[in-house]
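J.: predicted structure and sequence below. I'll ask about it afterward.
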Amino acid sequence: MLNVEGLTKQFGGLKAVDDVSFHVEPNTITAIIGPNGAGKSTLFNLIAGALPPTAGRIEFEGRDVTHAPAHEMARLGIARTFQTTHLFEEDTVLDNVIIGHRLRTRSGLWDAVVRSRRHRAEERECRERAYEALRFVGIESLADMPVRLISQEAKKRAAIALGLATQPKLLLLDEIAGGLNPEETQRVMGLIRKLVEHGYTVCFVEHKMHMVMSLADRIIVLHHGRKIAEGTPDEVRRNPDVIEAYLGGAAHAAGE
Amino acid sequence: MKPQVWRRAGVSLLLVLGLALPLVVSNGYYQQVIVLAYIWAIATYGMNIILGYTGLLSLGQAGFFGVGAYTAALLMLKLNWNFWPALLAALVVSLVLGYLVAIVSLRTRGHYFAIFTMAVGVILNLVIDRWNGLTNGEVGLVGVPGPGSIGPVSLDSDLGKYYVVYVFLVVAVWIAWSLRHSLPGRALLAIRNSEDLAEAIGTPVMRFKRLAFVLSTAFAGVAGALFAGYMGYLGPDVTSINMTFNMLLYLLIGGIGSIAGPLLGALIVSFLTQFLQIFQDYQMLIFGPVLVLLIIFFPGGLASVPRLIRRRRARDHAAAVAMAEAAAIEGSGSAKEGA
Amino acid sequence: MLRVSELTVRYGPNPAVQGVNITVDNGELVVLLGANGAGKSTIFRTLSGLTRPTAGRIELFGKDVTGLAAHRAVREGIAHCPEGRMLFPQLSVQKNLLLGAYTERRDKRAMQARLEQVFELFPVLRDKQHAPAGSLSGGQQQMVAIGRALMANPRLLLLDEPSLGLAPLVVEQVLEAIRRIHETGVMVLLAEQNARAALEIADRGYVIENGRVVMEGTRDELLRSPRVQEAYLGV
Amino acid sequence: MDEWGVAMTLLLQEILNGIVVGSIYSLVALGLTLVYGVMEIPNFAHGHLYMLGAYIAFFLLTSAHFSYWPALLGAVVVLVVVGLLVERLVFNPLRKAPQVNAMIASVGVMLFLEALAQAIWGPNYLQMPTPYGNVLHIGALSVTQQQLLVVVAAIVMMVLLNLFLKRTMIGAAIEAVAQHREGALLVGIPSGRIAMLTFAIASGLAALAAVLVTPINLLFPAMGTMVIMKAFVIIVLGGMGSIPGAILGGYILALAESIGGAYISTNYQDLIAFAVLVLILSIRPAGLFARRA
Amino acid sequence: GTSGGGGNTATGGSGGGSGTMEVDIGYTGPLSGGAAFYGEDVLNGIKLAVDQINKSGDITVDGKQVTFKVVSLDDQYLPPNAATNAKRLAQQYHTPIIFCPHSGGVLGIEQFNATQQPNFILAAYTSEPAILTKNDPLLVMIPPRYDAYFKPFAKTEMQKFGNRLGLIPTNTAYGQEWTAGFTKVWQQLGGTVLSNNAVDYNTTTDFSSVVSKALSEHPDVLFIGGPSQPTALVIKAARQQGFKGGFVVMDQAKFESMQGIVTMDQLNGAVGVMPTVNYPGPGIQNFVNLWHQTQGADKTPNSENALNYQTMWVFAEAIKLANSTDPKQIMAKMADAIKQVPAEDQPYGVTGITPQGHLTGPVIATYIDNGQYTKLDIPPIE
Ligand SMILES: Nc1ncnc2c1ncn2[C@@H]1O[C@H](COP(=O)(O)OP(=O)(O)OP(=O)(O)O)[C@@H](O)[C@H]1O
Ligand SMILES: Nc1ncnc2c1ncn2[C@@H]1O[C@H](COP(=O)(O)OP(=O)(O)OP(=O)(O)O)[C@@H](O)[C@H]1O
Ligand SMILES: [Mg+2]
Ligand SMILES: [Mg+2]
């Protein structure tokens, strides 16, 4: 469903992403790993349209989307979370998530001012989608809480819910389990599995090896912007380049 | 349900109060202070959309106020237009000019945007002030006609003008409210929160910023046209940066981002400055510090006071929050099992 | 040594930390384990002076440092690598690091020497030293934050989840570095989600839940404890 | 002199005038670079601190019978104290509030200072005496000693300030406080004291600029208003926080004004500065010398 | 309240049965901001007159002795504020007369004064002719017409220095009208007018640039003027850049206020309005003495002070003659009242009032020669 070819991003003299090609099959989980600064977040930014690539080509569901801006990508069905959550701390969880479905609505300012039927219908629809998404990620009961009062884990779930409300096909999750303890990480892993079961496709960046190894169908390893390995968890775990550049002693842990 | 009923009753009461006000307050001086406050409030609602909702500090608002005012006044004086088509033209011109400025200014960010728009405001002010041939320079335009009459009802009387401005104020508040509680409005709030996130959930950020900017200039333009029609006289001073500062002041004192804020702020500050006149030459020695104190002690404006009280109450319920979280975790536990 | 007694911190009416007692003996490395929101960061912030305690007492080498402003706490030898990094995004990596030694800015040579040590620890920072800190990747920024704390040449080093967002290899390196720093005699208080790795280099540890210490013990005691195993080691 | 000679003389004279005015702008912009460009505090009262500095010096010169340089020093000292007070009483309490709040508070300070000056010294224009009133003629060009003094002082101050910010730890500390106040505290920088120091320096610079510039012009309570707006333009034009940018911005603006005034229209001279900003930001949205990468 | 002749403007605080009544006189003008000095000058003239009138005890209405009180409001030079202030003065203080010293404010107030009750006499201290276009029956315009100066100024300077005229006037509308009128006369007399270098006198940091530009065209005479002190800076810059010719100085600028910025030497060859202290008006000596006594020996009165002073006296006499505080009745007695004002209270002299409400009087200018003010009579234009 996602096809990346020769993707390159240059910041000044630095090639943050360097000639990366890969392919994501629908309804699978792909993990992207690599040392800090390897270009993982940049790669996500490129796919999501937040940054224009220097060279290369991105295809989504057979369409060339190399130069589509981020909001267009969202409309086409790519949702993402950020390495640091960007929720609106003062608003409630529900209010944060409602806006996610706006891109599927068509009412504009005029509808809002005259409170047109369409507007009311679409507002209801957005609310329903938001509740649906919150229910899916398991925090429906927190809907009316201000975001600043909820836990880290709940925030991560809210961020996913926001993505889900856009009705995506592909989700890009950047270090979604960062800062979570093992127990919480387990629960988030459960959620990711649930996503795939419900037909979504997931790409994620993570440094927690047990999570990567047990979730991913395929793993792509970046180093200095270049793809140094790709394969199943077993293949990657044994790859000496990966061990040297990234895993170190954790290779054993990852193997357990 | 209940709070909604109360709110509706409150809003209706306020509406009726606004209608009855000029009948109760017949003193022409107070009426003028109130009407001018309404007019400034309308322009400030525009500022609230761009600053309060979208998070962009635009310092050109008074310039656009002037564009609206001069468009309307010149059309009436030079081409003998009626007030109403002139007002419409003022709206259109400030929209179009706002759009053109938006295209260039919104490419800049943060401080650059603020100073860019300040420069636009200053340019508009200077052009209006110096273009003697068109605007009659700082002498200004004399004898600008009022709204005329609709059938037998004259709107040119003090009472008539009050109701004209009042209707526009109500419309402005309505637009501000419905925008705040609509999907496009939420998109603006999302932009204020984080442009990256807004973009990622499919908001064409640039388009929405332009929308907010253009709306703000349209509000300013209409307010300007009302001002010209109400005063009957128009000078370039109302387009100076100080007027933009005044609007910001109304917004901050009233409560930035809130619905009541602009009106509340405009009324309170207007009456405060009238009151301070008794201190003559020393009034600014008092007004300056009062302003600083208000900003320091009510950073969210007066409209936020009830919210602050509510929040304090909410804090006492923090225990409830903890419990709800525990419940949520259980809920997500089922997600895990579902896997 | 560090002695924290009956520490209570409130934000608003409900306490985030309540009656906590913690000691770090000279030369000890102590870990704090706890779920999200347990109060670990709050304890760190209070120790380094960013947050004022509601009650309790903090002593460093017998000296009362309770409620000391953060910039004074640094002078007492407390360096804090905080949650959220708190870097200066538009300053270069090098300036960020050098500012870590602000209190000892007069000794230029020592400053340079320590800068070298940090670069040895995180070689990638040497290549990036002239880049603005804000343009670094998440993990690289974490390295700057740790490096900056080390630049202060502290007696007590507070590390709040230093491995957050770091690659496994780097996590190993960081923990190894912490061990080495600790070996030079610096007291270390460490909060880590990566509990196993953290416990491996620690002398002792505390388990914090809902703002209270619910368990304390030596490394081995904690590693053996079923409660710790289940909640924090993911066994 | 032939036609061409006259035209050349005018051009050279206008360039010279532009350099003088550019130095004035840059001098005023320097303090603002610190508080707005570096600390990102939009202090619209900065021009009024400048005004106050001029009045203090005027008082010292005329009522206390100081001579020029001691009066300058005195004004700087007084303004340092005023700057400290403003920081403590107004901006420090607002350090966690949004920037608009600080901006409007600074407008409050501005109104207050203007009213204060008017209450003490009256609303009239005053002329500040200077021992450097003589005119120097360089060929067909003329310039006063005071104007030369402004140019030299501007250049010296800019070099010093740049060295201070870029080469000293205190300078780095100022930038650090601006970018992350808590982070600065954590490395041992007394953020509060650094903020005070910054304001003190900025206000002192404002006073210095005022005492150098005012003998060329006049003193009156509203004298800071237009100058400060142009100073904001200069800082943004040069790229926030960049001192070389502010210098170049100042000179570009002043030259555009004097040459534009001479060859286009003097009537719209004030407009030129703002038009230049709009033009340049339309082409380069982050200013001429965008800060770092 | 007491009111004579069916007037409906009761007094603000009448003294009841004590045989006295208080009448409030309104003022709205700039008391803060850039133009405050000007507003204060006007206000001080009015206030001094009111003090003198009250002291004289001469003014009575219905047999009651009138005490005047000035109620002044700051409008920061802003027309809408001026209009609001005027409404406040009329509604709350029932002021029969309101002074306003700027054309914007006057125009703003004129918009409603004709139609609204209670109305009042608008005493306009501005020589902007636009204010007369409304034919407002309740308007009094105080300063002399500026066009009277054109011919004498032009003749004097052209004769002494030559016929090339450079222009550096203030770029306000008033300055531009002056410029247009004056250059026309200059050309009619056979002179050449060079390019117009109008600048903003309030915001220009350094006049060198514009002066260089004007001098590059080698003028014999420079036409300048705006607020006095910046005007002085223009003269100074011109002399410093080697200009040897004469100056035509617009009436807004006053030579007496240029002292300390330029020397009399630098002013040689300038024509402009006569300084108030040297003005050969009937009551000038008395006025100057009074000013020194009341405001301080170091304070020099100017024409703002003097003209508003004598105008307030005219109003007082008109109230007395009308035996009422009704604006229309006061207006009806203005012409007669002018004759009643004691000569010593007419520093400049006032001779009559035109049907549009413009006060007339002798106009006298000066030519500076060898550091001395020499008198230049201006024939009146009616
Ligand atoms: N806007 C930018 N300007 C300049 N350089 C950048 C920018 N964004 C990222 N970089 C550089 O590109 C490289 C890749 O960064 P990126 O954030 O993609 O890394 P990452 O793989 O996500 O690392 P981490 O695991 O630490 O988050 C880094 O060296 C970083 O410094
Ligand atoms: N500034 C604040 N205002 C109000 N409450 C706060 C604030 N900071 C923290 N808290 C609350 O205090 C409690 C303890 O938070 P703390 O950050 O110390 O936990 P932690 O153990 O460090 O968690 P984490 O693993 O998420 O970093 C939490 O309930 C948190 O919501
Ligand atoms: Mg990353
Ligand atoms: Mg924490």
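T.: Everything's here; your move. Ligands and ions are numbered 1, 2, ... in the order given.

J.: please see if stretch D:185-194 touches chain C.
T.: Yes - taking C-beta under 8 Å from any C-beta of the partner chain as the criterion, stretch D:185-194 and chain C are in contact, through D:185-191. C-beta: built from backbone N, CA, C; applies to glycine.

J.: touching chain E at all, stretch B:36-49?
T.: Yes - looking at stretch B:36-49 against chain E by C-beta under 8 Å from any C-beta, the contacts come from B:L36.

J.: now that stretch: average pLDDT?
T.: Average pLDDT, stretch B:36-49: 95.

J.: repeat that for stretch E:115-122.
T.: What stretch E:115-122 shows for mean pLDDT is 85.

J.: give the buried residues for it.
T.: With burial defined by 16 or more other C-beta atoms under 10 Å in any protein chain shown, the residues of stretch E:115-122 counted as buried are E:118-122.

J.: same deal with stretch A:213-225?
T.: A:213, A:215-216, A:218-225.

J.: can you check stretch C:57-65 too?
T.: Of the residues in stretch C:57-65, those buried under the neighbour-count criterion (16+ other C-beta under 10 Å) are C:58, C:60, C:65.

J.: please name the residues that touch E:V262.
T.: The contact partners of E:V262, by C-beta atoms under 8 Å, 6 or more residues apart in numbering or on different chains, come to E:232, E:235-236, E:239.

J.: so what's E:F68 bridging to?
T.: The residues listed as beta-bridge partners of E:F68 by DSSP bridges are E:V23.

J.: for E:G26, see how far away it is.
T.: 11 Å (C-beta to C-beta, to the nearest Å).

J.: confidence score at the residue of the stretch 1-150 of chain B found nearest ligand 3?
T.: Taking C-beta to the ion as the measure, the point where the stretch 1-150 of chain B comes nearest ligand 3 is B:R109, at 22.9 Å. Looking at B:R109, its pLDDT stands at 87.

J.: so the closest residue to it other than its chain neighbours, which of the three states?
T.: Computed as C-beta to C-beta, 6 or more residues apart in numbering or on different chains, the closest residue to B:R109 that is not its neighbour in sequence is D:P285, at 7.3 Å. Reduced to three states with DSSP: H, G, I helix; E, B strand; the rest coil, the structure at D:P285 is coil.

J.: burial of D:P285, as a residue count?
T.: D:P285 is flanked by 17 other residues according to other C-beta atoms under 10 Å in any protein chain shown.

J.: same check, this time on D:A209
T.: Neighbour count of D:A209, defined by other C-beta under 10 Å: 29.

J.: show me what contacts it?
T.: Remark: with contacts taken as C-beta under 8 Å, 6+ apart, D:A209 is in contact with D:24, D:27-28, D:30-31, D:50, D:53.

J.: out of the residues you listed, which touch ligand 4?
T.: The overlap between the contacts of D:A209 and the neighbours of ligand 4 (C-beta under 5 Å from the ion) is empty.

J.: can the residues you listed go into TSV with extra columns for pLDDT and secondary structure?
T.: Formatted as TSV, the contacts of D:A209 follow (pLDDT from 0 to 100; DSSP: H, G, I helix; E, B strand; the rest coil):
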residue	pLDDT	secondary structure
D:I24	86	helix
D:L27	85	helix
D:V28	86	helix
D:L30	87	helix
D:G31	89	helix
D:Y50	94	helix
D:G53	95	helix
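
J.: show the model's pLDDT score for C:G37.
T.: The pLDDT attached to C:G37 in the predicted structure is 76.

J.: check contacts around it.
T.: Neighbouring residues of C:G37 by C-beta under 8 Å, 6+ apart: A:151-152.

J.: redo that, cut-off 10 Å
T.: With C-beta atoms under 10 Å, 6 or more residues apart in numbering or on different chains as the criterion, the residues that contact C:G37 are A:150-154, B:322, B:325, C:16, C:209-211.

J.: make a markdown table out of those residues and add secondary structure and distance to ligand 3.
T.: Supplementary listing: the contacts of C:G37 in a markdown table, determined by DSSP: H, G, I helix; E, B strand; the rest coil; distance: C-beta to the ion, whole Å:
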| residue | secondary structure | distance to ligand 3 |
| --- | --- | --- |
| A:I150 | coil | 24 |
| A:S151 | coil | 22 |
| A:Q152 | helix | 18 |
| A:E153 | helix | 20 |
| A:A154 | helix | 22 |
| B:A322 | helix | 32 |
| B:E325 | helix | 28 |
| C:A16 | strand | 29 |
| C:E209 | strand | 31 |
| C:N210 | coil | 32 |
| C:G211 | coil | 32 |
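
J.: could I get those in CSV, plus columns for pLDDT and neighbour count?
T.: As requested, the contacts of C:G37 are arranged in CSV below (pLDDT from 0 to 100; neighbours: other C-beta atoms under 10 Å in any protein chain shown):
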residue, pLDDT, neighbour count
A:I150, 83, 23
A:S151, 81, 20
A:Q152, 80, 16
A:E153, 85, 27
A:A154, 88, 27
B:A322, 52, 15
B:E325, 57, 20
C:A16, 87, 21
C:E209, 87, 16
C:N210, 85, 15
C:G211, 88, 23
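
J.: and which of those residues is nearest ligand 4?
T.: The closest of the contacts of C:G37 to ligand 4 turns out to be A:Q152 (C-beta to the ion; 8.4 Å).

J.: quick check, E:K244 in a helix?
T.: No - membership of E:K244 in a helix is not supported by three-state DSSP, which gives coil.

J.: I'd like to know how far the residue in chain B positioned nearest to ligand 1 sits from B:T203.
T.: Each residue of chain B has a distance to ligand 1, by C-beta to the nearest ligand atom, and the smallest belongs to B:D196, at 11.7 Å. As defined by C-beta to C-beta, B:D196 lies at a distance of 11 Å from B:T203.

J.: identify the contacts common to those two.
T.: A:A70.

J.: tell me which of the two has more neighbours.
T.: The neighbour count for B:D196 versus B:T203, taken as other C-beta under 10 Å, is higher for B:T203 (25 against 15).

J.: I'd like the distance between that one and D:P285.
T.: Here B:T203 is placed at a distance of 21 Å from D:P285 (C-beta to C-beta).

J.: you'd agree D:M223 is up against D:A117?
T.: Yes - with contact defined as C-beta atoms under 10 Å, D:M223 counts as touching D:A117 (9.2 Å).

J.: near chain E, which residues of the stretch 101-250 of chain D?
T.: Counting by C-beta under 10 Å from any C-beta of the partner chain, the positions of the stretch 101-250 of chain D adjacent to chain E are D:111, D:114-115, D:118-119, D:122-127, D:129, D:133-137, D:140-144, D:147, D:150, D:213, D:216-223, D:225-227, D:229-230.

J.: buried ones among those residues?
T.: Among those, those classed as buried by neighbour count (16+ other C-beta under 10 Å) are D:111, D:114-115, D:118, D:123-127, D:141-144, D:147, D:150, D:213, D:216-223, D:225-227, D:229-230.

J.: for chain D, what is the nearest residue in chain A?
T.: When C-beta to the nearest C-beta is the measure, chain A has its nearest residue to chain D at A:G12, with 6.4 Å between them.

J.: ramachandran coordinates for A:G34?
T.: A:G34 adopts backbone torsions of phi 160, psi 160, taken as degrees, to the nearest 10.

J.: count the neighbours of residue 129 for me.
T.: All of this is about chain A. Around A:R129 there are 22 residues (other C-beta under 10 Å).

J.: oops, wrong one, chain C.
T.: With neighbours defined by other C-beta under 10 Å, the count for C:Q129 comes to 17.
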